[in-house]
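**Q** Return a 3D structure for these sequence lines:
(one chain, ligands or ions: 1)
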Amino acid sequence: MSQENNKIAMDIEGYLKEHENKDMLRFLTCGSVDDGKSTLIGRMLYDSKMIFDDQLSAAEGESKKYGTTGEKIDMALLVDGLQSEREQGITIDVAYRFFATENRKFIIADTPGHEQYTRNMVTGASTADVAIILIDARKGILTQTRRHSFIVNLLGIEHVIVAINKMDLVDFSEEVYNDISKAYGVLADELGIKNTYYIPVSALEGDNVVDKSEKMPWYTGMPLLGLLDSMDISKEQTAENFRLPVQYVNRPNLDFRGFCGTIAAGEVKVGDEITVLPSGKTTKVKSIINAGDITEDNRTATTQFAYAPMAVTITTEDEVDISRGDMIVHTKSLPRVSNSLKVMLVWMDETPMEVGRSYDIKRATSVVSGAFEHINYKVDVNTYEREQVHSLGLNDIASCKMVLTQPIAADAYEMNRLTGSFIVVDRITNNTVGAGMIVGVSRREEDAAKLSEKEYTDAERALNQYIRENFPEWECKVV
Ligand SMILES: Nc1nc2c(ncn2[C@@H]2O[C@H](COP(=O)(O)OP(=O)(O)OP(=O)(O)O)[C@@H](O)[C@H]2O)c(=O)[nH]1
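**A** Residues are numbered from 1 along each chain as shown. So this is what the prediction gives:
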């Protein structure tokens, strides 16, 4: 990376600016043990010259001592900080790595492949745009491939790159590549994965990783990095409904009340009619204040329009009661509001999930207590079969009915990854014990959670807000 180092030394401002304006792609690598995940990431960093000189010389030294690749540098050693943690039995989290090309910035979530690390994979996959599924060309599709593909699809990753690795060990055979691609195509159809791309690679030798391989002239597609660099991952932003989960109510003085948060979806304009959920109160957007908008010299908000994922403060025409955890949406496109939801739940704790027990459910900026009233079925992630069970253990994935003590705006995860997902927190240990995705409103109780029709006085509403802010353990409902 000496070229990068020079740039940093000569013009740090310019270097940062150059990176700031690039778009970001987050990807996840999944594979079974020894499929070559670390080697592939190492090769990508090495061939794209994203390895620091000192890291390289350390890897050269270690390759001679511990490497599995003879005289060559063991690429896996460039990224295997994780390995030593695993050997020491330390709880493994997800390791994130960063690199950039001329076009894009990349964040790689490197997650362990074993079954007992399903929860780590879920964590890594929850923000990824693309998943690279590694398959050893000699072994083809394994049970792990099925498991990883299921989780990738469950978490809504729309682009899957199937990297068929170790092609050097099958004589760079087109037939082997075709057979595996065909078999994966069947699996992808079964799961409903939207976009799949296939690339034959040798992570060890560098074929089709950064540079196109001369040993596989039959492959006419792009090498892996070229594909990552150019693939279109943009979503139809305009088609999304506006969602602003309120993170903070800013009241610096009696004349100002602003509602701050990061727009989770869609766009908003000054003058738009908005509804606050779950209370259902309506008003209009008076102003939108954007970071940097108001300076010492200019005290008026000039922003007329904001969109996801901007962090903004909005003020409203009327004095409506809005608190942290509420969701501001457009009145013309209201989501369903319910306290009874159908969800897919991934259990992440050693202590089993108990049906009927009260947990804290954190969704975007809100925390509501709730319980899993019923387990519809548990999915065997290897065979995709459904089982009837009465509790869930570590790494289990199940469809459940979740009942909350207060209604929330129930966006499906499929529509919005941010507002459609939640984590489950144990109320005694404060540990995150699960993560889930909203599938929809539970059908049987669809209309059970109607919003209150009664009109309250300002004093009653202020009292209600005071209790909710200061005594959340009373689980006071919003009026
Ligand atoms: N011949 C050949 N060997 C490879 C290739 N890619 C990886 N290997 C070898 O396969 C072994 C495992 O590679 P790793 O990169 O450590 O595999 P991994 O998937 O990261 O394994 P874990 O870190 O244990 O999950 C090493 O000995 C690599 O040198 C390849 O394309 N061809």
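**Q** quick one: residue 276 from residue 254, how far?
**A** Separation of residue 276 from residue 254 (CB to CB, to the nearest Å) stands at 21 Å. In this view, the C-beta of every residue, glycine as well, is placed from N, C-alpha and C.
**Q** With neighbour numbers in mind, choose between these two.
**A** Set residue 276 next to residue 254 and count neighbours by other CB atoms under 10 Å: residue 276 wins out with 24 against 6.
**Q** Hmm, the more buried one is touching residue 326, no?
**A** Yes: in this structure, residue 276 is within contact of residue 326 by CB atoms under 8 Å, at 5.3 Å.
**Q** where along the stretch 301-450 of the chain do the strands fall?
**A** 305-307, 311-316, 327-330, 337-347, 353-354, 358-363, 366-379, 386-387, 391-392, 397-409, 421-425, 432-441 (DSSP state E, counting those that start in this stretch).
**Q** Which other helices and strands does the last one contact?
**A** Spelled out, it's strand 432-441. Other elements packing on strand 432-441 under the criterion 3 or more CB pairs under 8 Å, 6 or more residues apart in numbering; DSSP states H and E are helix 118-125, strand 337-347, strand 397-409, strand 421-425.
**Q** Report the secondary structure state of residue 140.
**A** coil (DSSP: H, G, I helix; E, B strand; the rest coil).
**Q** Could you report the neighbour count for it?
**A** The burial count for residue 140: 14, using other CB under 10 Å.
**Q** where's the residue lying closest to it once chain neighbours are set aside relative to the ligand, distance?
**A** Of all residues not flanking residue 140 in the chain, residue 180 sits nearest, at 5.4 Å (CB to CB, 6 or more residues apart in numbering). Residue 180 sits 14 Å away from the ligand, going by CB to the nearest ligand atom, to the nearest Å.
**Q** about what we covered before: which one, of the strands of the stretch 301-450 of the chain, ends up nearest to residue 286?
**A** strand 311-316 (4.6 Å; CB to CB).
**Q** Mind listing the strands the closest one pairs with, and their directions?
**A** strand 258-262 (antiparallel), strand 281-290 (antiparallel) (DSSP bridges).
**Q** Would you mind measuring from residue 346 to residue 357?
**A** 17 Å.
**Q** pull the CA atoms of the helix or strand harbouring residue 466 into CSV?
**A** Using DSSP states H and E, residue 466 sits within helix 458-470. Extracted in CSV, the C-alpha atoms of helix 458-470 (Å, rounded to 0.1, in the frame of the first residue of the first chain):
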residue,chain,number,x,y,z
ASP,A,458,-53.1,18.7,27.3
ALA,A,459,-52.4,18.2,31.0
GLU,A,460,-53.4,14.5,30.7
ARG,A,461,-51.2,14.0,27.7
ALA,A,462,-48.3,15.8,29.5
LEU,A,463,-48.7,13.5,32.5
ASN,A,464,-48.8,10.5,30.2
GLN,A,465,-45.6,11.5,28.5
TYR,A,466,-43.9,12.2,31.9
ILE,A,467,-44.8,8.8,33.1
ARG,A,468,-43.6,7.1,29.9
GLU,A,469,-40.3,8.9,29.9
ASN,A,470,-39.5,8.5,33.6
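**Q** If we go by neighbour counts, what in that helix is buried?
**A** By neighbour count on 16 or more other CB atoms under 10 Å, the buried set for helix 458-470 is 461, 464-465, 468.
**Q** and the next element down the chain from the one helix or strand in the chain whose mean pLDDT sits lowest?
**A** Every helix and strand of the chain was ranked by mean pLDDT, DSSP states H and E. The lowest is helix 81-87, at a mean of 49. Under the assignment DSSP H and E, the closest C-terminal helix or strand after helix 81-87 is strand 95-100.
**Q** pLDDT below threshold where in the stretch 151-300 of the chain?
**A** 235-239, 292, 294-300 (pLDDT under 70).
**Q** Show me the strands in it, by range?
**A** 159-165, 195-200, 243-245, 248-250, 258-262, 267-269, 273-277, 281-290.
**Q** To residue 427, which of those strands lies closest?
**A** That would be strand 243-245 among the strands of the stretch 151-300 of the chain, by CB to CB, at 21.7 Å.
**Q** Can you spell out which helices and strands pack onto the closest one?
**A** Packed against strand 243-245 by the contact rule (3+ CB pairs under 8 Å, 6+ apart) you find strand 258-262, strand 327-330.
**Q** The longest one vs strand 273-277, what angle?
**A** Compare the direction of strand 258-262 with that of strand 273-277 by axes from the mean of the first three to the mean of the last three CA atoms, to 10 degrees and you get 80 degrees.
**Q** which outside residues touch strand 258-262?
**A** The contact list for strand 258-262 (CB atoms under 8 Å, 6 or more residues apart in numbering) reads 244-251, 289, 308-316, 322, 328, 365.
**Q** Alright, calling it a day.
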